[in-house]
Structure formats: structure tokens, C-alpha cells
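Next input, structure requested:
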Amino acid sequence: MNDTFRKLAQASATTMGSPWAFIAAVVVVLIWGVLGPVYHYSDTWQLVINTGTTIVTFLMVFLIQNSQNRDGQAIQLKLDELIRAVKGARNQMIDLENCSDEELERLRREFEKLSKRIQPATVKHEG
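Residues are numbered from 1 along each chain as shown. As a prediction, the model looks like this:
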């Protein structure tokens, strides 16, 4: 089941993220808009677009979240491998996603200080 959903989510994300999907959505909205006068801008006419967009949005949230979860996990694993492979890197960084907010904030401040120490003085250009 997980593999089937993964494949469906990947294929859907690829398809729905294409220019053709955007064009199709614009065409649907244009057709709906043109049909407004035909249906006298009725409640049913409005309900069609509202219901359609709500259903599509609801389903896409799950597909997008699945894709983001997979991408995030893949990036995390790649970064973990780089940290592990680089001599002198702190291996404690491999498991940062499981740190508390306080620990992450402490590290952020540490890296901010390091960044300020190694940044060359910036020169302002007047133009």
C-alpha cells in the first residue's frame, strides 16, 4: 500500500506541477466563468466551482505533504552522509532533527557568531 501511494503521489505531483495542469485549470475556470451568464450566476453555478476546487485542494494537500516528506527525508539523509564523510565535521550534527528547540537555538546562535567572525567586512558602494 505504501509503495502504491508513493508512486501515485509522485506521479500526481509531477503531473499537477506541470504547465499543462496549470493551463487545464485556467481553462476550467474560464469555461466556468463563461457559463455564468448561461446559468444566470445561480447558486448551483457557484457551488460547482467551490466544490470542485475544495475537493481538488483537499486531495492535493495529502499528495504535496507526501512529496515534501520524502524530499525532506532524502535531503536529510544526503546531508547526514556528507557530515559523516567530511573529516573534522561534528558527527553530533547528524541527528539535529531530533534535538529540542532550545538545542537548535543554541546551535543557531553558535553558527551566527561563527559567520560574523569569518565574514569579510562589507564595503558599501554608492551608486
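
L104 - how many residues pack around it?
Burial of L104 is recorded as 12 neighbouring residues (other CB atoms under 10 Å). All C-beta atoms are positioned from the backbone trio N, CA, C, and that covers glycine.

so it is in which element?
helix 101-118 (DSSP states H and E).

Measure how far that helix is from the centre of its chain, please.
Chain-centre distance of helix 101-118: 25 Å, with CA atoms, centre = their mean, to the nearest Å.

Could I have the CA atoms of it written out in CSV?
Extracted C-alpha coordinates of helix 101-118, given in CSV (Å, rounded to 0.1, in the frame of the first residue of the first chain):
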residue,chain,number,x,y,z
ASP,A,101,14.1,23.7,20.2
GLU,A,102,16.4,25.1,22.8
GLU,A,103,19.3,23.0,21.5
LEU,A,104,18.6,24.1,17.9
GLU,A,105,18.5,27.7,19.0
ARG,A,106,21.8,27.4,20.8
LEU,A,107,23.4,25.9,17.7
ARG,A,108,21.9,28.7,15.5
ARG,A,109,23.4,31.3,17.8
GLU,A,110,26.8,29.5,17.7
PHE,A,111,26.7,29.4,13.9
GLU,A,112,25.7,33.1,13.7
LYS,A,113,28.7,34.0,15.8
LEU,A,114,31.0,31.9,13.6
SER,A,115,29.5,33.5,10.5
LYS,A,116,30.2,37.0,11.8
ARG,A,117,33.8,36.1,12.6
ILE,A,118,34.6,34.7,9.1
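
and that helix, average pLDDT?
Here helix 101-118 scores 88 as its mean pLDDT.

List of residues touching it?
L96, C99 (CB atoms under 8 Å, 6 or more residues apart in numbering).

Go through it and flag the buried ones.
Going by neighbour count (16 or more other CB atoms under 10 Å), nothing in helix 101-118 comes out as buried.

so which helix or strand takes in the spatially most central residue of the chain?
Geometric centre of the chain, nearest residue: Q68, 5.4 Å, by CA atoms, centre = their mean. Using DSSP H and E, Q68 maps to helix 43-85.
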